[in-house]
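>>> Got a predicted structure here, sequence first:
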Amino acid sequence: MKKIKLIEIASARSGDKNDVCNIGLMARSPEFYAILKEKVTAEKVKEHFKDLIKGPIIRYEWEAIESLNFMCNQALDGGASRSLRMDTLGKNFSSHLLRMEVEIEN
Amino acid sequence: MNSKSIKIAGAQGFYGDSPLAAIQIAKEKGADYLVIDSLAELTLSILQKDRLKDETLGYARDIESMAYTLFPIAFKNGLKIVTNSGGLNPEIAAKKVAALLEKQGIKGIKIAIITGDNLLPQLQEMQQSGLALENIDNGKPFSSSTFEITHANVYTGAHSIAEALDKGADLILAGRVADPCLTLGILIHHFKWRLTPSPSPLGEGSSDLSQNDLDRLASGIAVGHLLECGGQASGGNSYAEWPMDYSISNLGYPIAEVFEDGTAVFSKLESQGGKVSRNTIREQLIYEIHDPANYITPDVIVDFTGVKIEELSTNKVQFSGIKGKPRPEKLKLSIGQMEGYMSDQFFFFSWPYAYEKAIRFIETVKEIWATLPVKIERSEFSLVGINGIHGAAAPLPPKETLDEINEIGVRLAIKHNDLRTGKLCMQSVICLGLNGPPGLIGIPGWGKTDRIMLSLWPTLIPREWVKEKVEIIES
């Protein structure tokens, strides 16, 4: 087994709807999609984001585009118009998710 | 029915976006329609801030410059323009654009004004009728909110856009028409796709639409969704295409050639930069989507899960496989509230001890603020270069790295209810330039102490409260 960062096997894009941030995680190939599906659970993502995401995360599988979509609740400090953060829109939630490590077969 | 395909370009992705890609598309007649989506979720709050200062504002002001740069060439070459740039004030926006066109001697342009999304005047009546206006996010009734209300706009559908085009409009200035419905309205007008008007004469919940009708409407929404963020569908903001080995200084914006069955081919102008690939379409498709099987819009619920995205050739992508479900019974209403103010300021430190100095600075700021006769509602302290973007989730670099780090920025941000608090707080820490950790840098003119904080209260309302109106004026 070896550890890799998600950026090696996926790309991502995130955006806002009020206090909800969605992070689309797109596998770079169908084989990598199988890894994402197995390893990148909603619980793992919640742990990776620590206090940044306060509410529950729902994970949607999207086979047709080899992607997972994470809908993160209470993630944006009350929403872009109320937020005191620099990344008010959660555009960089994508970046942070790509830093997450998973263990894969050698 | 019109069986000929039609080309629609995403001309702008937000209020303030560059018009240059759209100008080039208009020059080359690269599309039949330009869709300009100016209203991100937050934009009405920004426009409301303008309107609080001047009652004749409240629309996306870049249409004033586009009336000189983009509109003349677009109209000359036969392109029509559909936009929600009217924001909170479509009538005034239309009159201003008409006057600017007349100044240039451009006459006979039909400008459609779409109103009816503003429900502020009815808000009290709605509550009195027994609507609790529960917050979608937390379920609380609107009566529990104590803030001053600034605006209340409902997301409306494609019907009014199609109606305005049926009436011969060259330019449509709408208010809070939902982003992808701008595109759907064009397709309904062109292909005569069937859409149930809102509210439905058959009664909500029943519909005379076939599965084919629903699939076409859903495809139209999907195309609109892919166009509504401009360059984000054609290689901008792309991790999928990083290191983005194409020009981005003149990024071409996405153009969809849409067919009668709702399928589309996405491309961009050859003369411009950017890229259209399966990756760029895929990453825009997933942007700001929650459940991909149930994307809710005023006109149809979209199921994206069976989507097919295939590269036909360089910068040409075939898009199909979208399914529709009957529209939701209710519409989304976004109520703006005045929550107070926010202030922020940046300071910087360099090697040596940059990290320790920044930490000491933040501790000192907290001590000073604790002595002030003010109430700070919320605060955020961050280290730019360490955790400015990701906060508590950012891993702290090892001590050796922190000890040698070149520079660190400190950002202070606070929420407060009166203007005085912001000024006093930020003024009170300037003395640390002489009294604080060595080498403090503050930049005059940076930071603000009077930013109005408007928040949104999203809720759902029955359709019968919404009466849209299409009016045409001519330059």
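Yes, it's here.

>>> And the helices in the chain, which stretches?
All of this refers to chain A. Here chain A has its helices, by DSSP state H, at A:30-39, A:42-49, A:93-98.

>>> try chain B instead
Using DSSP H, helices in chain B cover B:20-27, B:43-53, B:62-69, B:71-76, B:90-103, B:123-128, B:159-166, B:179-191, B:211-227, B:278-285, B:354-370, B:399-404, B:419-428, B:432-435.

>>> residue contacts, the closest residue to residue A:35 other than its chain neighbours?
Excluding the flanking residues, the one nearest residue A:35 by Cβ to Cβ, 6 or more residues apart in numbering or on different chains is residue A:104, at 5.9 Å. Placement of C-beta: from N, CA and C, glycine included. Residue A:104 makes contacts with A:1-2, A:4, A:35, A:39, as judged by Cβ atoms under 8 Å, 6 or more residues apart in numbering or on different chains.

>>> between the helices of chain A, which one is nearest to residue B:316?
Between residue B:316 and the helices of chain A, the tightest spacing by Cβ to Cβ is seen for helix A:30-39, at 22.5 Å.

>>> contact partners of the closest one?
A:6, A:9-10, A:25, A:27, A:61, A:63, A:66-68, A:102-104.

>>> how about that helix: buried residues?
Using 16 or more other Cβ atoms under 10 Å in any protein chain shown as the test for burial, helix A:30-39 gives A:32-33, A:35-36, A:39.

>>> Also stretch A:82-101?
Buried-residue list, stretch A:82-101, by 16+ other Cβ under 10 Å: A:82-90, A:92-98, A:100.

>>> Give me the subset of the residues you listed that also touch chain B.
A:82, A:84-87, A:89, A:92, A:94-96, A:98 (Cβ under 8 Å from any Cβ of the partner chain).

>>> Switch the residues you listed over to a markdown table; also include pLDDT.
A markdown table is the format used below for those (pLDDT from 0 to 100):
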| residue | pLDDT |
| --- | --- |
| A:82 | 91 |
| A:84 | 96 |
| A:85 | 97 |
| A:86 | 96 |
| A:87 | 97 |
| A:89 | 95 |
| A:92 | 98 |
| A:94 | 98 |
| A:95 | 98 |
| A:96 | 98 |
| A:98 | 98 |
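
>>> What is the nearest of those residues to residue B:35?
For those, the nearest to residue B:35 is residue A:89 (21.5 Å; Cβ to Cβ).

>>> distance of the closest one from residue A:81?
Relative to residue A:81, residue A:89 is positioned 10 Å away (Cβ to Cβ, to the nearest Å).

>>> who touches both of these two?
residue B:42.

>>> what about residue 75, how many neighbours?
Since you didn't name a chain, this refers to chain A. Neighbour count for residue A:75, taken as other Cβ atoms under 10 Å in any protein chain shown: 23.

>>> I was thinking of chain B, sorry if that wasn't clear
19.

>>> That one contacts residue B:111, doesn't it?
No. If you go by Cβ atoms under 8 Å, residue B:75 and residue B:111 don't touch, sitting 10.7 Å apart.

>>> Now the common contact residues for those two.
Common contacts of residue B:75 and residue B:111, defined by Cβ under 8 Å, 6+ apart, comprise B:170-171.

>>> out of everything not next to it in sequence, what's closest to residue B:446?
That would be residue B:346: by Cβ to Cβ, 6+ apart, it lies 5.5 Å from residue B:446.

>>> For the one you found, which residues are in contact?
B:384, B:409-412, B:442-443, B:446-447 are the contacts of residue B:346 under Cβ under 8 Å, 6+ apart.

>>> Out of those, the closest to chain A would be?
Using Cβ to the nearest Cβ, residue B:411 is the member of the contacts of residue B:346 that lies nearest chain A, at 6.6 Å.

>>> check contacts around that closest one.
Residue B:411 neighbours (Cβ under 8 Å, 6+ apart): A:86, B:344-346, B:380-384, B:388.

>>> if you skip the residues just before and after it, what's nearest to the residue of chain A found nearest chain B?
Going by Cβ to the nearest Cβ, chain B is nearest to residue A:24 of chain A, at 3.1 Å. With sequence-adjacent residues excluded and distances taken as Cβ to Cβ, 6+ apart, residue A:24 is closest to residue B:286, at 3.1 Å.

>>> Do I have it right that that neighbour meets residue A:60?
No. The criterion here is Cβ under 8 Å, and residue B:286 misses it with residue A:60 at 9.6 Å.

>>> Settle it for me: which of the two has more neighbours?
residue B:286 (24 against 20).

>>> tell me the pLDDT at that one?
What the model reports as pLDDT for residue B:286 is 98.

>>> got the contact list for it?
With Cβ under 8 Å, 6+ apart, residue B:286 has these contacts: A:13, A:22, A:24, A:26, A:62, A:65, A:67, A:69, B:292.

>>> give me the beta-bridge partners of the third one?
Residue A:24 has these beta-bridge partners by DSSP bridges: residue A:13, residue A:69.

>>> is it true that it touches residue B:283?
Yes. Residue A:24 is within contact range of residue B:283, at 6.8 Å (criterion: Cβ under 8 Å).

>>> Name the residues contacting each of those two.
residue A:13.

>>> Who has more neighbours out of the two?
When neighbours are counted by other Cβ under 10 Å, residue A:24 and residue B:283 differ, and residue A:24 comes out ahead with 29 against 26.

>>> what's the distance between the closest residue to chain A within chain B and residue B:279?
Nearest residue of chain B to chain A (Cβ to the nearest Cβ) works out as residue B:286 at 3.1 Å. From residue B:286 across to residue B:279, the span is 11 Å (Cβ to Cβ).
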